[in-house]
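K.L.:
Need a 3D model of the sequence below.
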Amino acid sequence: MKTLSVFLTVGILIIACSGYTQQDKPRKFEVTKTEMEWKKELTPEQYTVTRLKGTERPYTGEYWDNHEKGKYQCICCKLDLFTSDTKFESGTGWPSFWNPINKQNVLVATDNSHGMTRDEVMCNRCGAHLGHVFDDGPKPTGKRYCMNSASLSFVKK
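P.N.:
Just a heads-up that it's a prediction; the model follows:
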């Protein structure tokens with residue numbers, strides 16, 4: 001009796017429970033802290049949004065209707081992210097911007113959570129979840145960086 005051996009090469013893409021693909025994780029960031037350190041520094045809402053990839057309810061965040069001049073920084077590490085010059089009224093209930101201060105200050109990763117595919121925006125210095133970016137924004141970029149107020153601090157000009 002002959003035995004036939006067959007070897008197959010199979011590629012597997014592992015999807016984490018959060019909906020983020022394994023290729024998007026892990027990454028070492030310049031600013032890293034323990035979960036306890038983050039919890040001491042952030043409010044419960046800020047921690048949930050930035051460290052656990054949560055989302056605040058629309059029209060409830062501190063900055064969705066902010067019209068003052070200034071810049072928006074990461075709440076976790078104070079990296080400059082957006083300015084009031086690129087903020088616009090998106091009608092979504094979250095602060096929205098058509099461009100970051102410097103594209104190298106934000107990191108974009110694939111988010112497959114909640115049964116959809118979106119582009120997550122994170123702080124490139126500390127990995128904080130900021131929100132998502134969409135291709136339905138105004139000119140000149142056509143982008144809508146839809147951010148959570150809980151992930152931002154505002155520095156008035």
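
K.L.:
what does the lengthiest helix in the chain contact?
P.N.:
The residue-count maximum for a helix in the chain (DSSP state H) belongs to helix 44-52. Helix 44-52 is contacted by residues 35, 38-39, 42, 54-56, 75-76, 128-130, 148, 150-151 when judged by CB atoms under 8 Å, 6 or more residues apart in numbering. (Each C-beta comes from the backbone N, C-alpha and C, glycine too.)

K.L.:
any chance you could read off phi and psi for Thr60?
P.N.:
Phi and psi for Thr60, reported as degrees, to the nearest 10, are phi -120, psi -20.

K.L.:
Who are the contact partners of it?
P.N.:
Gly93.

K.L.:
returning to what we had before: in the longest helix of the chain, which residues are buried?
P.N.:
Within helix 44-52, the residues that qualify as buried are Glu45, Gln46, Tyr47, Thr48, Val49, Thr50, Arg51, counting by 16 or more other CB atoms under 10 Å.

K.L.:
how much space between the first one and Gly115?
P.N.:
Read that as Glu45. 24 Å (CB to CB, to the nearest Å).

K.L.:
quick one, helices of the chain?
P.N.:
Under DSSP H, the chain gives helices at 35-41, 44-52.
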